[in-house]
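Q: Sequence first, predicted model second:
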Amino acid sequence: MIEYVLLHDGTLDGIFTAIYDGFALKKSVYKDKYDDNIAVASKNNYEAHLFCNYIEVATDSTKAAKTVEYIVKKLGMAGYDMAMGVACHFSEEAGEVLFAFLVRGFKVGKGIINKLTDKWVMRAFELSRKTYNESHLMREFIRFSDMRGRLYAKIEPKCNILHMMCNHFADRFPGENWVIFDATHKIAAVHPCYKGWFLMDDLDVDFDRIDEMAHDEYVDLWKLFVDTIAIEERRNEKCQNNHLPKWYRKNMTEWNRRE
Amino acid sequence: MFGSDFFMEIIKKEFFAEDNSILEQAKNVPYDDGVILRDVSYKLKILTDAAKYDVACTSSGVTRKGNGKTMGNAAACGICHAFAADGRCISLLKILMSNECVFDCKYCINRSSNDVPRATFTPDEICKLTMEFYRRNYIEGLFLSSGVIKNPNYTMELMYEVVRRLRVDHGFNGYIHIKAIPGAAQELVEAIGYLADRMSINLEMPTGEGLKEMAPHKTRNTILKPMKQIQTGIFNNRLSHGITDKKSAMQMRNYGDDLYESALSSKLLAGESKVISENRNNDFIIGTRGKYFVPAGQSTQMIVGATKESDYHIINVAEALYKNYDLKRVFYSAYIPINDDSALPALDVKPPLLREHRLYQADFLLRFYGFKASELLTEERPFFNENIDPKCDWAVRHLEHFPVEINQADIAVLLRVPGIGVKSARRIVQARRLGVIDFGDLKKMGVVLKRALYFITCKGKMMYDTKLEESYIVNHLIYNEPPHKAVGQAEANYSQMSLFDYYGKEMYGDNYIFDNHFVTNSKATMGGGV
């Protein structure tokens, strides 16, 4: 039974600050009698329940850094990755699962990620799997357009995965100026050539305008290639839909080309 | 946040500009490659169309971090970037360098006797396409094959030039798969091998006779010789990097450090064959430090359904290739009738897609599940069952191994259970160290219960009251009937033993045994789950 919900601002720093405060609260209020009474949630995305205390948390990056450090120390990198996967999941339940997962993780230690017979750990595993799957698919299906030498891409992921993709592209395109817009979370990752990437938040971008500016001849060549490579005798749209869900197609140039 | 303010200003100006001048500017910039691109577009259509029958489009087998200077990296898992209308993944820019061909292989669209539009890319066009597609995240790299222009050596030299320009001049650090031309010189195969990630030579037909019949210009020897050469090269090169395992994914330093900067090696690789031949030691340069020879391994492909070979034949050839040639993958390609030829199936024959699918399933059983070809098929039973997959087919014919207790069975045994894959088997083994697994957990771990439930027990119980007998399981697997009766709720299904049953076997022959109901009762054999 959830009795306390800590509300954060939805950023990663906010989530980990809420975790920090949550554990402080757990120690002071519940001591030994704790029975999954605390959850964290984003203040933009939660449903209020009766008999539940809502506490708003002020984002504090020092607390967040301490939390992350502690998670890595206790659960190892693999455990941290799993916690991160849950933290970035879009669902309302993610905060509750994350907190319950960490409570168990701090007791069990590094082995926690394999303890799939625990229902909270299993749920955490499922949520983080979904997040990483989406991040992987986005990495495959994201399309950059050339804007006079600069690359720009727009994505609309469900989970907050932008930061998970950037190392990959920074490694791959070190000499390019690129920007990825996450239209769902209104953030962008910016990579100046031969420098590190960084995130920008609170963006209000006019995408139509950018699309107008993008003028890329290779889009046609790519479309031509994709259409030609298919073997007509083997046509199988079901298989195509399985591998490339239509949901992902909205920002892919070959599916969404301006005539 | 933590970026330089200067760059933020630029970004704001570029992407959020208020005035229209930038927009106008963008529209008016004449595209410098405009004219060239139209020409490329024509060639791309022809040469993609000609390349589409090649199967492999994988970008896996090697991990290579970016070098921080030039473009590209590679991930061992491989990354698919798009899916074509036939459901096949597009990972690499799969094109022919040329569809001119002096060979006349009967099954091939590009055979010399066919009247099709022909085109040839210049090395620079291929480089440009690869680089520009790559930076838009369309592809993982290049898959270059070619028809035979003039002769195999001339063609391979041109292909070498493409790869050399990509790697050395453009510093391309992504994935390159090169198809070797049968009959090309060893030196060329070797030189390309040091620049490509993967190489492949098409076996085309499972047997030598089939090949002779279909491809008069190719012989088994011109295919197997370079395959052996590449195998030896890979083996020696891996040893020189301290890797004794023949097939594991390679973790490598990038090409960039070696090639892009070092004038020496680029000179060596720029085709100064004198230097190469001076360094020759037996067949290969052995132990060239920092260099990688075909790090992602080699693959091949066979055409299925053009000649009369059985599945048994094909799967045995594949096994031999994995064993004797250390291949990473063998690909199967359902024959699509494109040429009208008396030696080939008629034009209206549908490609045997299901057969191809079964072969792929069996191929995975060979590579990841510890099966042997002889377990899956025999000379008396040379074709796969079209109705159920090879693993289920094996399991129902070997019920003596089942049921398997999830909480105790060895991982090798788990892998042989239908519905359990490599990942879920690993998860099971991990999870049961810390707790007892039940059917609900299995489902969430990714086990396909609708197939697995006939073959497993959790905590000594089966999921439903199913019978452990061949015809029963096969019927349920084929028609996908849910076995509704849960353990405990089911009525006892002991059937009366009758004289008819007892003599049935003698009266109806061996087939009858598949239908007898009295032999097995799951509850009884399961060790008392109820």
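A: It's in. Numbering: from 1, shown residues only, chains lettered A, B, ... in the order given.
Q: Tell me how many other residues crowd residue 218.
A: As the question left the chain open, I've gone with chain A. A count of neighbours around residue A:218, defined by other Cβ atoms under 10 Å in any protein chain shown, yields 22. The way it works is simple: take the backbone N, C-alpha and C, and place the C-beta from them, glycine included.
Q: not what I meant, chain B
A: Residue crowding around residue B:218 was assessed by other Cβ under 10 Å; the count is 22.
Q: Quick test: name the residue nearest the centre of chain B.
A: Nearest residue to the geometric centre of chain B (Cα atoms, centre = their mean): residue B:329, 5.3 Å.
Q: who's in contact with residue 118?
A: Just so you know, I chose chain A. A:104, B:435 (Cβ atoms under 8 Å, 6 or more residues apart in numbering or on different chains).
Q: hm, I was asking about chain B
A: With Cβ under 8 Å, 6+ apart as the criterion, the residues that contact residue B:118 are B:46, B:98, B:99, B:100.
Q: tell me the pLDDT at the residue nearest to the centre of chain B?
A: Per-residue pLDDT puts residue B:329 at 92.
Q: ok, now how distant is it from residue A:73?
A: Computed with Cβ to Cβ, to the nearest Å, the distance linking residue B:329 and residue A:73 is 41 Å.
Q: which stretch of helix or strand covers the residue of the stretch 101-250 of chain A found nearest chain B?
A: Per Cβ to the nearest Cβ, the residue of the stretch 101-250 of chain A with the smallest distance to chain B is residue A:239, at 2.7 Å. When secondary structure is defined using DSSP states H and E, the element that contains residue A:239 is helix A:237-243.
Q: Can you list the buried residues in that helix?
A: Within helix A:237-243, the residues that qualify as buried are A:239, A:240, A:243, counting by 16 or more other Cβ atoms under 10 Å in any protein chain shown.
Q: Ok, stretch B:452-468 next?
A: B:452-458, B:461-468.
Q: So what would you say the end-to-end distance of that stretch is?
A: From the first residue to the last, stretch B:452-468 extends over 12 Å; the measure is Cα to Cα, to the nearest Å.
Q: Please apply the same query to stretch A:31-38.
A: From the first residue to the last, stretch A:31-38 extends over 13 Å; the measure is Cα to Cα.
Q: try stretch A:82-95
A: 13 Å.
Q: in it, what's buried?
A: Across stretch A:82-95, burial judged by 16+ other Cβ under 10 Å covers A:82, A:83, A:84, A:85, A:86, A:87, A:88, A:89, A:90, A:94, A:95.
Q: I'd like to know which helix or strand in chain A has the lowest mean pLDDT.
A: Across the helices and strands of chain A, the lowest-confidence element by mean pLDDT, DSSP states H and E is helix A:207-213, at a mean of 71.
Q: Return the list of helices and strands in contact with that helix.
A: Counting by 3 or more Cβ pairs under 8 Å, 6 or more residues apart in numbering or on different chains; DSSP states H and E, the packing neighbours recorded for helix A:207-213 are strand A:150-155, helix B:21-28.
Q: how about stretch A:176-184: buried residues?
A: Burial within stretch A:176-184, assessed by neighbour count using 16+ other Cβ under 10 Å, is assigned to A:176, A:177, A:178, A:179, A:180, A:181, A:182.
Q: List the contacts of the helix holding residue A:239.
A: Counting by Cβ under 8 Å, 6+ apart, helix A:237-243 makes contact with B:80, B:83, B:84, B:85, B:86, B:87, B:89, all of which sit outside it.
Q: Most neighbours among those, which one is it?
A: Ranked by neighbour count under the definition other Cβ under 10 Å, those are headed by residue B:84 with 24 neighbours.
Q: what's stretch B:429-445 in contact with?
A: Residues contacting stretch B:429-445 (Cβ under 8 Å, 6+ apart): A:111, A:114-118, A:122, A:125-126, B:406-407, B:411, B:414, B:424, B:427-428, B:449, B:452-453, B:456, B:458-459, B:463.
Q: Do a quick rundown of the strands in the stretch 401-530 of chain B.
A: In the stretch 401-530 of chain B, the strands defined using DSSP state E, counting those that start in this stretch lie at B:404-405, B:456-457.
Q: What count of nearby residues applies to residue B:177?
A: Residue B:177 is flanked by 29 other residues according to other Cβ under 10 Å.
Q: quick one, what contacts it?
A: With contacts defined as Cβ under 8 Å, 6+ apart, the neighbours of residue B:177 are B:56, B:58-59, B:92, B:141-144, B:196-200, B:296.
Q: gap between the residue nearest to residue B:321 when sequence neighbours are not counted and chain A?
A: Excluding its sequence neighbours, the residue lying closest to residue B:321 (Cβ to Cβ, 6 or more residues apart in numbering or on different chains) is residue B:327, at 4.8 Å. The span separating residue B:327 from chain A equals 24 Å under the rule Cβ to the nearest Cβ, to the nearest Å.
Q: Per-residue pLDDT of the residue in the stretch 51-200 of chain B that chain A sits nearest to, please?
A: As assessed by Cβ to the nearest Cβ, chain A sits closest to residue B:87 within the stretch 51-200 of chain B, at 2.7 Å. At residue B:87 the predicted local distance difference test score is 90.
Q: In this structure it contacts residue A:236, no?
A: Yes. Assessed by Cβ atoms under 8 Å, residue B:87 is found in contact with residue A:236 at 4.1 Å.
Q: Check which residues of stretch B:386-405 are buried.
A: By neighbour count on 16+ other Cβ under 10 Å, the buried set for stretch B:386-405 is B:388-396, B:399, B:402-405.
Q: Repeat that for stretch B:375-383.
A: By neighbour count with 16+ other Cβ under 10 Å, stretch B:375-383 contains the buried residues B:376, B:377.
Q: Can you get me the start-to-end distance on it?
A: Between the opening and closing residues of stretch B:375-383 lies a distance of 13 Å (Cα to Cα).
Q: Give me the residues contacting that stretch.
A: Residues from elsewhere that reach stretch B:375-383, judged by Cβ under 8 Å, 6+ apart: B:310, B:311, B:312, B:313, B:315, B:355, B:362, B:365, B:384, B:390, B:393, B:394.
Q: possible to save the residues you listed as JSON lines with secondary structure and distance to chain A?
A: What follows is the contacts of stretch B:375-383, written out as JSON lines (DSSP: H, G, I helix; E, B strand; the rest coil; distance: Cβ to the nearest Cβ, whole Å):
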{"residue": "B:310", "secondary structure": "coil", "distance to chain A": "23"}
{"residue": "B:311", "secondary structure": "helix", "distance to chain A": "20"}
{"residue": "B:312", "secondary structure": "helix", "distance to chain A": "25"}
{"residue": "B:313", "secondary structure": "helix", "distance to chain A": "23"}
{"residue": "B:315", "secondary structure": "helix", "distance to chain A": "22"}
{"residue": "B:355", "secondary structure": "helix", "distance to chain A": "13"}
{"residue": "B:362", "secondary structure": "helix", "distance to chain A": "19"}
{"residue": "B:365", "secondary structure": "helix", "distance to chain A": "21"}
{"residue": "B:384", "secondary structure": "coil", "distance to chain A": "19"}
{"residue": "B:390", "secondary structure": "helix", "distance to chain A": "20"}
{"residue": "B:393", "secondary structure": "helix", "distance to chain A": "23"}
{"residue": "B:394", "secondary structure": "helix", "distance to chain A": "25"}
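Q: what about burial for these, which qualify?
A: B:311, B:312, B:313, B:315, B:355, B:362, B:365, B:384, B:390, B:393, B:394.
Q: then stretch B:230-245 to CSV, C-alphas only?
A: What follows is stretch B:230-245 as a C-alpha-only set of coordinates in CSV (Å, rounded to 0.1, in the frame of the first residue of the first chain):
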residue,chain,number,x,y,z
ILE,B,230,40.2,-16.9,-46.0
GLN,B,231,39.7,-19.4,-43.2
THR,B,232,43.5,-19.9,-42.8
GLY,B,233,44.0,-16.2,-42.9
ILE,B,234,41.4,-15.5,-40.2
PHE,B,235,42.7,-18.3,-38.0
ASN,B,236,46.3,-17.0,-38.3
ASN,B,237,45.3,-13.4,-37.8
ARG,B,238,43.2,-14.2,-34.7
LEU,B,239,46.1,-16.1,-33.3
SER,B,240,48.4,-13.1,-33.9
HIS,B,241,45.9,-11.1,-31.8
GLY,B,242,46.0,-13.7,-29.1
ILE,B,243,42.5,-15.1,-29.9
THR,B,244,42.4,-18.9,-30.1
ASP,B,245,38.6,-19.1,-30.4
